[in-house]
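Undergrad: Here is a sequence with its predicted model. Questions after.
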Amino acid sequence: METRISRHPEAEPSDFYRRILGLLDANEPVSSFEKLNTDVSQLVAVGELPGSMVEDLEIALRLHDNFENKLKRERELSALYETARDLSALRNPDQVLKAIVQRARQLVGSDIAYLSAADDERNDFFVKATEGVISQDFARIRVPRDVGVCGSVARTRRPFYSSNYSVDPAFAHDSFIDQATQGEGVVSILGIPLEVEAHVIGVLFVGDRYVRSYTPQEMAVLSSLGTFAALAIENARLLEEARRALQAAKDANAALKAKADDVEDAAAAHEQLTELVARGGTLDDLTRRVGNILHGQAVVLDERQKPITGAMPDHFSEQMLMRAVRESDRLGRSVQVHCDDGGVALVAAAIGGTARLGSLIFKRQRSFSASEIRTFERSAIVTGIVLLSMERIAQLAHKSATDAISALVRGTTDPFASGAMRQLPGAVAITWPVTMMMVDLADVSFIQVAGAARAALSGRDTIFAEFNGDLLIVTNGERPRDIAAALQERLREAVRRDLTIVISRPVEAIGEATAQYEALRRCLGLLRRLGQTGRVAFESALAMYGLVFADKQGDAIDAFIRGTLGPVIEHDMRKGTQLARTLLAYLDGGRSLQKAAEHIGIHVNTMRQRLDLVGQLNPDCLNPLHGLETHVALRMHALKQAE
């Protein structure tokens, strides 16, 4: 599209906005935007266009990047679903292997792809299929199980990559393998395990002839492809074995025919599940399909063992569930559990890429055959893919929320203005004024609390994101204290302890957000230095102290309190009295004996006696010249004693 800008002295901004919209509508490449940005910047510099045009162009570029990222993820998922469907239809092992390496190279955009199959007799791996490989020596590589990237993947059963293969000390090298790899020009390499029943049957590789890092998303997509590929390879192998056995003893071996029928049934079930994923079926569709295939009750749980769809089976305790999920995750297979009512349940961890995203449970009153167990385990794999897709959608929503919160805290743009609201996730609708909340994550990672936060903050009036190592929430909710309490309860379930939450006063406009964010950080730091973690507090109650003690460590605060109130505090600790509380009530009440006595529920004479004792212990505490210093020290002491 033509983006040349006339340098006419009367150029109108509307002309350039129309060009920006035209570039977005045509999905022009970034270079077109960069050319337009150069021209606009020049006109802004000479005053022919307003300065806001540069910021608007940056917004347009972010929109373009977001659209490209969404298209990329859609293409990856579509390619993955198409691969699963294609693999389930193939029966020839060579065709299966060729399809796998072709699709792996396509998904990651690598220079080459190849598959090394396990040779159990020789205890090594050999190259079985290649795509994009030129060298003859490369296709003849045999790798021992303890050498190279292949050995690392086989040993750990985890993806492994190297950005510079020839000099990487993270694995054992072999001169012949290194020579073949260098002859092919491979610099970066990524290996994905192909597993069947916790046994590595091969390793799927992609490689590039330049230094490259592979993203977690690329590894997750290839891991999902590897899972389907391993099943397809195993399915093709089993079918081939069944055909050969039936050809040799078609009329004499009824047991072998039964096994072949089981394999066919399992393959048919697998095709049904693959078709379900390929057309974008939901978890509800999946549980219904599994229930129909295996004739029982299915339920999908999230990573916190809470039902996402379906209901928990009867006579199935939480302890039984937790043990079974951990064992399934460790073994890479389903675990069978016998329930108190005589029923039998199958439990399998649902893996998306390399992470456990949830679990699948299936229960019925009769036992399961081997083929039914395989069908259930394939259902768990499909469950992991659907959960991974849902997680990616959640990540896109989180990216939008992160951008909005970043803009809010930095005060660069108003994320809740009418035009910017379109960038917020889903149906979120937030207007000024807002309340900000900050959670001190301390040594907890955001990934550990993201699911719990989504569950607690799912309303249309709330967004959240990680910012500078803390969890920051922005809400229109009318009862922020209740929102914070619900959030703390969910976080406690996720990390097994209470996290500190500070709630801001109402923020009326974008101009106040940066200062309020800094105030929240000061209050969190103050509570941390006072050892008061795990509380829900209002910034308004801590603001002055957070500002005064912003740069002070915990021992400095203790020294201030001791230096001001030392004898009084020591008397309270030694005698079990409440002189510090009495003095605080007296100062809070404007030095009124009557008000202070009523506040703490004692007689006015008792109040006078206590204050006389305070005067004997430390006369400065009752001296009006030291009133502010004494009052602040009492407040800090009360904060340290709070539960």
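TA: The structure has been received and is ready for your questions.
Undergrad: Does residue 309 touch residue 283 like I think?
TA: Yes. Counting by CB atoms under 8 Å, residue 309 does reach residue 283; the two are 4.4 Å apart. C-beta coordinates here come from the backbone N, C-alpha and C atoms, glycine included.
Undergrad: Determine the residues that are contacts of both of those two.
TA: Counting by CB atoms under 8 Å, 6 or more residues apart in numbering, the common neighbours of residue 309 and residue 283 are residue 300.
Undergrad: So for those two, which sits in the more crowded spot?
TA: residue 283 (21 against 16; other CB atoms under 10 Å).
Undergrad: In contact with that one, which residues?
TA: Per CB under 8 Å, 6+ apart, neighbours of residue 283: 300, 308-309, 383, 386-387, 390.
Undergrad: Just the buried residues out of these, in PyMOL syntax.
TA: Buried members of these, defined by 16 or more other CB atoms under 10 Å, are picked up in PyMOL with:
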select buried, resi 300+308+309+383+386+387+390
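Undergrad: Among the contacts of residue 283, which lie within strands?
TA: Under the assignment DSSP state E, the contacts of residue 283 contribute 300, 308-309 to strands.
Undergrad: out of these, who's nearest residue 369?
TA: Nearest to residue 369 among the ones in strands among the contacts of residue 283 is residue 300, at 22.8 Å by CB to CB.
Undergrad: Relative to residue 631, how far out is the closest one?
TA: Remark: distance between residue 300 and residue 631 (CB to CB, to the nearest Å) = 57 Å.
Undergrad: Count the neighbours of residue 463 for me.
TA: For residue 463, the count of nearby residues is 28 (other CB under 10 Å).
Undergrad: Wait, a strand at it?
TA: Yes. Assessed by DSSP: H, G, I helix; E, B strand; the rest coil, residue 463 belongs to a strand.
Undergrad: So what sits opposite it in the bridge?
TA: With DSSP bridges as the criterion, residue 463 is bridged to residue 474.
Undergrad: Quick check: it vs residue 506, distance?
TA: 17 Å.
Undergrad: is it possible to export the ones in strands among the contacts of residue 283 to JSON lines including pLDDT?
TA: Shown next, in JSON lines, are those (pLDDT from 0 to 100):
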{"residue": "300", "pLDDT": "85"}
{"residue": "308", "pLDDT": "78"}
{"residue": "309", "pLDDT": "78"}
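Undergrad: Before we move on, what's the pLDDT of the most centrally placed residue in the chain?
TA: Nearest to the geometric centre of the chain sits residue 447, at 4.2 Å (CA atoms, centre = their mean). With respect to pLDDT, residue 447 scores 79.
Undergrad: check contacts around it.
TA: Applying CB under 8 Å, 6+ apart, no residues contact residue 447.
Undergrad: Where does it fall, secondary structure wise?
TA: Per DSSP states H and E, residue 447 falls inside helix 446-456.
Undergrad: buried residues in that helix?
TA: Of the residues in helix 446-456, those buried by neighbour count under the rule 16+ other CB under 10 Å are 446, 449-453, 455-456.
Undergrad: same deal with stretch 289-306?
TA: Result for stretch 289-306 [16+ other CB under 10 Å]: buried residues 289-291, 293-294, 296-303.
Undergrad: And it, end to end?
TA: End-to-end distance of stretch 289-306 (CA to CA, to the nearest Å): 21 Å.
Undergrad: try stretch 521-538
TA: Taking CA to CA as the measure, stretch 521-538 stretches 12 Å from start to finish.
Undergrad: rewinding a little: which among the contacts of residue 283 gets closest to residue 638?
TA: Using CB to CB, residue 308 is the member of the contacts of residue 283 that sits closest to residue 638, with 44.5 Å.
Undergrad: In contact with the residue lying closest to that closest one once chain neighbours are set aside, which residues?
TA: Distances taken as CB to CB, 6 or more residues apart in numbering place residue 300 nearest to residue 308, at 4.8 Å, with adjacent residues excluded. Residues in contact with residue 300 (CB under 8 Å, 6+ apart) are 283, 286-287, 307-310, 350, 358-361, 383, 387.
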